[in-house]
Each structure stands twice: as structure tokens, then as C-alpha cells.
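Asks: sequence plus the predicted model coming up.
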Amino acid sequence: MKIRYRRGPIITVYEQELLHDDGRLIVTRAPFRPSASLLAQVPGLEQEQEYQAIWFVIAGEWHDLGKVYTPDGELVGYYCDIIRPPRRTADGLEIDDLFLDLWIFPDGRHIVLDEEELEEAQAQGWLTEELAARAKGELSRLIEQLSQGRFPPAFAEGFR
């Protein structure tokens, strides 16, 4: 499955292995390369390490979720991109990143990432004030669900 991922003016195309698609939930598997901001803030992540992620994209939702593993299958954490709801294409999905990210450790602690990149995206005109506010609202909603034990969702447990 092809994922066309837009982050500001940059479009990256990822080829991911499709594991599940029921029309609402799409689950894929792909290699995961931690960003510089993730490497700087998450102890134990290494740039040279080959990670794998199971990605969950839900129709109509303003986030995706990656369940990140080491090569030997140890859960490292969950990576959540705040995005516009994904759009289907003939061969996959189009996803627009809204710059804010959330990292969740296996024990439930979390880190908010890329707040400064959200501000930069607004300054560059890549995001409207309305979209930036929507991104911040989605991030707050996910953190609230995390604090209530309702995020990550139970269906993520069924995939390794």
C-alpha cells in the first residue's frame, strides 16, 4: 500500500505492507526511523537501530498511531501523528501531517513533540490558525484519553 505523506511542502511516499483493511481501520507494517526530535527526547532510541512499526489509520480521525518495536520484538512505545483525516486513493492513502506528535512509553508516560515545528508551519503559511487549533485540540483529546486509560485503543493490542 502506498502512503503519500505531506508535511508542509514536502511529500514522501512510503510503501507499507497492508495487514488489515475493513473500510474504517487500516493497519500496515513498515520500518520506522526515529526523527531527530524523537531521538533527542526518548531515552534508549538509537539512530542506527532498525525499528518496525505497526501503523493504525482510522477513517475520519485526526491522528494515526504507530506501535514501535525493536528488531527482536520488544515494544518501545507508541508514536502518534496529529493529521488531517486520511483520504483514500486508488493505491493507498494520502495523509497531511499537522506537525504535532505524541510519544507514549509502554508504561503510559508521554512526551509531546514538535510544538515548535507547529509554530514554524504557521509562520510559513503551511497551516492556518484554524488547523493549528484543531491539531492542538486533538492532541489534548488524546492526552485526556491516555490519562483515562482509553488510549492507545484496545484494538492495537491485537497486532504485533
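Replies: Here it is on my side, so go on. Quick caveat: nothing in here was measured; it's all calculated off a predicted structure.
Asks: neighbours of Ala121, how many?
Replies: Close neighbours of Ala121, defined as other CB atoms under 10 Å, add up to 23. In short, each C-beta sits where N, CA and C put it, glycine included.
Asks: next: Leu131.
Replies: Other residues lying near Leu131 total 18 when counted by other CB under 10 Å.
Asks: and it, helix, strand or coil?
Replies: Counting by DSSP: H, G, I helix; E, B strand; the rest coil, the backbone at Leu131 sits in helix.
Asks: what sits against it?
Replies: Residues counted as contacts of Leu131 (CB atoms under 8 Å, 6 or more residues apart in numbering) are Arg84, Leu98.
Asks: roughly how far does the closest residue to Leu18 other than its chain neighbours sit from Phe56?
Replies: Nearest in space to Leu18, with sequence neighbours left out and distances taken as CB to CB, 6 or more residues apart in numbering, is Met1 at 4.5 Å. Distance of Met1 to Phe56, computed by CB to CB, to the nearest Å: 13 Å.
Asks: need the residues touching each of these two.
Replies: Shared contacts of Met1 and Phe56, counting by CB under 8 Å, 6+ apart, come down to Ile26.
Asks: okay, those two: which has more neighbours?
Replies: More crowded of Met1 and Phe56, by other CB under 10 Å: Phe56, with 24 against 18.
Asks: pretty sure that one sits in a strand.
Replies: Yes. Inclusion of Phe56 in a strand is indicated when three-state DSSP is applied.
Asks: ok, it touching Asp22?
Replies: No. Using CB atoms under 8 Å, Phe56 is not in contact with Asp22; the gap is 11.8 Å.
Asks: tell me the bridge partners for Leu18.
Replies: Thr28 (DSSP bridges).
Asks: from here on, count from 293
Replies: Yes, from this point I'll number from 293; that puts the last item at Leu310.
Asks: and the pLDDT at it?
Replies: Note on Leu310: pLDDT of 96.
Asks: does it touch Lys294 like I think?
Replies: No. With contact defined as CB under 8 Å, Leu310 does not reach Lys294; the gap is 10.2 Å.
Asks: neighbour-wise, which of the two wins?
Replies: Using other CB under 10 Å as the criterion, Leu310 and Lys294 rank with Lys294 on top: 14 against 11.
Asks: Gln388 pairs with what?
Replies: Small correction: residue 388 is Asp, not Gln. Counting by DSSP bridges, Asp388 forms beta bridges with Arg298.
Asks: unless I'm mixing things up, it is touching Ile374, no?
Replies: No. Applying CB under 8 Å as the test, Asp388 and Ile374 come out as separate, 10.3 Å apart.
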